[in-house]
Each structure stands twice: as C-alpha cells, then as structure tokens.
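**Q** Pasting the sequence and the predicted coordinates here, then a few questions.
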Amino acid sequence: MLRKFKVSNFKCFRDDFEFNLAEVNNYSFNSECVKNGIVNAALIYGHNGMGKSNLGLAIFDIIEHLTDQRRDESRYSNYMNAYSLSPTVDFYYEFLINDKIVKYSYKKTDYKNLIYEEFAIDDVVLVSFDRKNGNTNFSVHLKGAENLNTRITDHQLSVLKYIKNNTVLEENEQNDIFKAFFGFVERMLFFRSLEDRTYMGLQDTGKKRLSEDIIERGNIEDFENFLNKANIHCKLSMVESLIGKDLAFDFNGKKLLMSEIMSTGTSALTLFYYWYQRVRNNEVSFLFIDEFDAFYHHDLSKMVVKILKAIGVQFILTTHNTSILSNDLLRPDCYFLMNKKKIQSLSNSTDKELREAHNIEKMYKAGAFNVD
C-alpha cells in the first residue's frame, strides 16, 4: 500500500508537498476504508487549478524509470516548477510491503534523468546512488548482488531496475520485499475519462477498443448487468461491424452500435468498466482516477465508490461532487481538501469533533473546513 508521498519542485508544487495516508483517526464506522492504519479509499476535493491532476502525475512519475509499463510523456512537459531555484525535482515514497515500511526517494533533473536514488526497508538503507559530481558507482546491500558491477553511466537507468534485471537475488525477507515492491509499482494504474482519456501504468492495452476487450473477456452479460445497475437500462448484443466484433444496443431485434448512440456518461462508464475488469481480478495494486465522476449522476458516483470499496483495492479519486461527501460512504479521514501548498483530511481541517451523524457536506459548504 502507498503510505506517504512527498514531492517538491514538480509542476505547481514549488515546496515540499506531502500526502500522508497514514494520518487516520479512530472512527468506528466505515472501517473498511482504512487498512493497516493507512487510508485505503480516498476522495480529494480542491478548486480548479489546485493541482489534483498534477498530484496523480507526480505519484505516477515512478513508473517511468522503474517499469516498462504505459506512460504518457506529454503530461510531463514543463516538468519543474517555474518559480523554483532548485536544480532537481525530488520525490519520496513510503509503502507498506509485507508489513514492512519501504522508503524510496529519488531526484531528477527532468522526466528521464536520475541523479539520486535511495531504497530502504524499515530505515535500513539497502541501495543508494548519488550521481552528483560525476559519480558513477552505487552501493547495494542485497544478498545475491555482491558480484554485480556497481558502475552505471546511463543517467536514465534506475539503479533499482538495474539490480532487478541483472541479479538472481537470494531468497530472504529483504529480497522478497524488494521484489514485491516492484510488483506493486508495476500494477499501479492512473486514468481519467475526460477529453483525452489518458492512462498510465499496468499493461499497455491502449490499442484495443473497449468493446473488443469486453467481448474477448467474455463479459458482455456482466457489462450489461453493470449498466442496468447504473440505471442505464439496456440489452447488449455482439455484432460484426466494419472494424470487427463490436457491441450494440438491442432494441427488440434492432441493433444499433453502442459507439454511435451512447451518451457521454455511458461512454465514461464504459471506460470505467474496461479498467474495473482488471481491478476486480487483482491486476491492479493502486488506483488513481482523475475527475472520476465528471460525467456521472451523483447516484452513479456513489455506486462506483461502493464498487471499489467492496473490491478492496487502494484507490484515490479526485472530484468536485459534494453530494458524495457523506459519512454514509466514507469517513472524515478519507476525504481530503487540497490547495497548491497542502493536502489534509477533513478530520484534520477542523477543531470540531466529527461524528457519524454529522452532515459533512453541509459543513463543507458552510466553510467549516480549512486547509492551513
């Protein structure tokens, strides 16, 4: 699980911007929203331009140099904060892996080039590499890597990825955690259903049509049930179109292609279902959906949150929809308020004691919560 994240000098985040998912309270309701003392289900609110999307991009910067998964380099132009005098963008992650706290920090001069990395388990530093002043040698203390060439001249090559790909590590707890760390990062997923529908992480299946994927997985009936549950009452059929097998709405035998007549909301929901197939099959370790309900009715927004809660995947959703700001859905330490300098939970944004019976949406609209 992602436990804590910090970034500085990235896009709109000039100074240290910390997102701490381990600051939780002892609420007795919606206990499934917190696992192992870490927020497992989070919704982020913030005015336009406060950096909600940039926060997702910052968290997913890690997949560029540690994995071969899908990334969207166009989103990482204007990488550094325009006002900062620092020569590097600094990242810090804490994960809970196999009940141990894994800390990974690195510094970049741009999206591709690394100048510093450090990897530690429970504060024991196992890998470190400081490339300043032309240094090309790194330090590694993982069993099985003793004979590894510790010289790297390629600034775009992560020392962690180099170790992973060039050693046969011994079977022990530290190495198991090192491998599990990579397994977590490789299964992270970011997507958004706005105009560009970008996604990052996980396996690159972007060339496959949504309908084609649903058909190939044998999920036509399941998708139909999903849409009906979302109050999109329909019957689906598979048809042959000019581009191959496709999905159609079946109106008593008259079949019309979904892609030609579905609404924007149904299109966004189809995209969610496309990824939902993978989430429920445990193919995703961590999920970030930007503006997840931009085209949803508020009842549908609640349904999506409930579906993700039931699966148990750790997820972060950004939204402007206050109708789902309710203790019936999550809890005050799982709703976050954000500006360009800080993000904190509702429970840390007021001096009042928040109880299950409180109408936190009404309190939010009345200005009861403030990000210091």
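**A** Noted; the coordinates are in hand. Residues are numbered from 1 along each chain as shown.
**Q** need the helix or strand of the chain with the lowest average pLDDT.
**A** Least confident helix or strand, the chain: strand 199-201 with a mean of 85, by mean pLDDT, DSSP states H and E.
**Q** Pairing partners for that one, with directions?
**A** Its sheet considered, strand 199-201 pairs with strand 188-192 (antiparallel) by DSSP bridges.
**Q** For the partner strand, give the mean pLDDT please.
**A** Averaged over strand 188-192, pLDDT sits at 94.
**Q** Only alpha carbons, please: show it as PDB.
**A** Taking C-alpha atoms only, strand 188-192 is exported to PDB below (Å, rounded to 0.1, in the frame of the first residue of the first chain):
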ATOM      1  CA  MET A 188      -0.300   0.800 -10.400                       C
ATOM      2  CA  LEU A 189      -3.000   2.400 -12.600                       C
ATOM      3  CA  PHE A 190      -3.900   6.000 -13.400                       C
ATOM      4  CA  PHE A 191      -6.600   7.000 -15.700                       C
ATOM      5  CA  ARG A 192      -9.100   9.800 -16.500                       C
END
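**Q** who's in contact with the closest residue in space to H298 that isn't next to it in sequence?
**A** Of all residues not flanking H298 in the chain, S323 sits nearest, at 3.9 Å (Cβ to Cβ, 6 or more residues apart in numbering). In this view, the C-beta of every residue, glycine as well, is placed from N, C-alpha and C. Remark: with contacts taken as Cβ atoms under 8 Å, 6 or more residues apart in numbering, S323 is in contact with H298, S301, E361.
**Q** got the phi/psi numbers for S323?
**A** Reported as degrees, to the nearest 10, the phi and psi values for S323 are phi -70, psi -20.
**Q** Which residue comes closest to K208 once chain neighbours are left out?
**A** Among residues not flanking K208 along the chain, E216 sits closest, at 8.0 Å (Cβ to Cβ, 6+ apart).
**Q** any idea how far that neighbour lies from F226?
**A** Remark: distance between E216 and F226 (Cβ to Cβ, to the nearest Å) = 17 Å.
**Q** okay, these two: which has more neighbours?
**A** Per other Cβ atoms under 10 Å, whichever of E216 and F226 has more neighbours is F226, with 20 against 10.
**Q** all helices of the stretch 101-250 of the chain, in order?
**A** Along the stretch 101-250 of the chain, the segments classed as helices by DSSP state H, counting those that start in this stretch run 159-166, 173-186, 210-216, 220-229.
**Q** What's the PyMOL line that selects buried ones from the contacts of S323?
**A** With 16 or more other Cβ atoms under 10 Å as the criterion, this PyMOL line picks the buried residues out of those:
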select buried, resi 301+361
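**Q** Just the contacts of S323: which are in helices?
**A** Assignment to helices by DSSP state H places the following of these there: H298, S301, E361.
**Q** out of the residues you listed, who's nearest Y76?
**A** S301 (28.9 Å; Cβ to Cβ).
**Q** I'd guessed the closest one sits against I324; true?
**A** Yes: between S301 and I324 there is a contact at 5.1 Å, judged by Cβ atoms under 8 Å.
**Q** Could you name every residue contacting both of those two?
**A** When contacts are counted by Cβ under 8 Å, 6+ apart, S301 and I324 are jointly contacted by D293.
**Q** so A42 is in which element?
**A** Assessed by DSSP states H and E, A42 sits inside strand 41-45.
**Q** how far out from the middle of the chain is that strand?
**A** In terms of Cα atoms, centre = their mean, to the nearest Å, the centre of strand 41-45 is set 11 Å apart from its chain centre.
**Q** and what of stretch 223-235?
**A** Using Cα atoms, centre = their mean, the offset of stretch 223-235 from its chain centre is 27 Å.
**Q** repeat for stretch 360-372
**A** That offset, for stretch 360-372, works out to 26 Å (Cα atoms, centre = their mean).
**Q** so D351 is in which element?
**A** Under DSSP H and E, no helix or strand contains D351.
**Q** and the gap between the residue nearest to K208 and M238?
**A** E216 is 11 Å from M238, by Cβ to Cβ.
**Q** what's the single longest helix in the chain?
**A** Counting by DSSP H, the longest helix found in the chain is helix 264-280.
**Q** Which strands and helices lie in contact with the next helix or strand after that helix?
**A** Sequence order places strand 286-290 as the next helix or strand after helix 264-280, per DSSP H and E. Applying 3 or more Cβ pairs under 8 Å, 6 or more residues apart in numbering; DSSP states H and E, one finds that strand 286-290 contacts helix 52-59, strand 188-192, helix 264-280, strand 314-318.
**Q** buried sites along the third one?
**A** Buried residues in helix 264-280, counting neighbours by 16+ other Cβ under 10 Å, are found at 265-266, 268-280.
**Q** follow-up on the earlier one: in the ones in helices among the contacts of S323, which has the lowest confidence score?
**A** pLDDT is lowest at H298 among those; the value there is 91.
**Q** pretty sure I177 contacts V102?
**A** Yes: taking Cβ under 8 Å as the definition, I177 is a contact partner of V102 at 6.3 Å.
**Q** closest one to G56 among the helices of the stretch 101-250 of the chain?
**A** Of all these, helix 173-186 comes closest under Cβ to Cβ, at 14.9 Å.
**Q** that older thread, next, find the distance separating the residue nearest to H298 from V305.
**A** 12 Å.
**Q** again, but for V127
**A** To V305, V127 is 38 Å away according to Cβ to Cβ.
**Q** same question, H141
**A** As judged by Cβ to Cβ, H141 and V305 stand 42 Å apart.
**Q** Looking at the two, which has the bigger crowd around it?
**A** Taking H141 and V305 together and counting by other Cβ under 10 Å, V305 has the greater number of neighbours (21 against 13).
**Q** so what does the longest helix of the chain touch, helix or strand wise?
**A** In this structure, helix 264-280 packs against strand 188-192, helix 210-216, helix 220-229, strand 286-290, helix 298-311, with contacts taken as 3+ Cβ pairs under 8 Å, 6+ apart.
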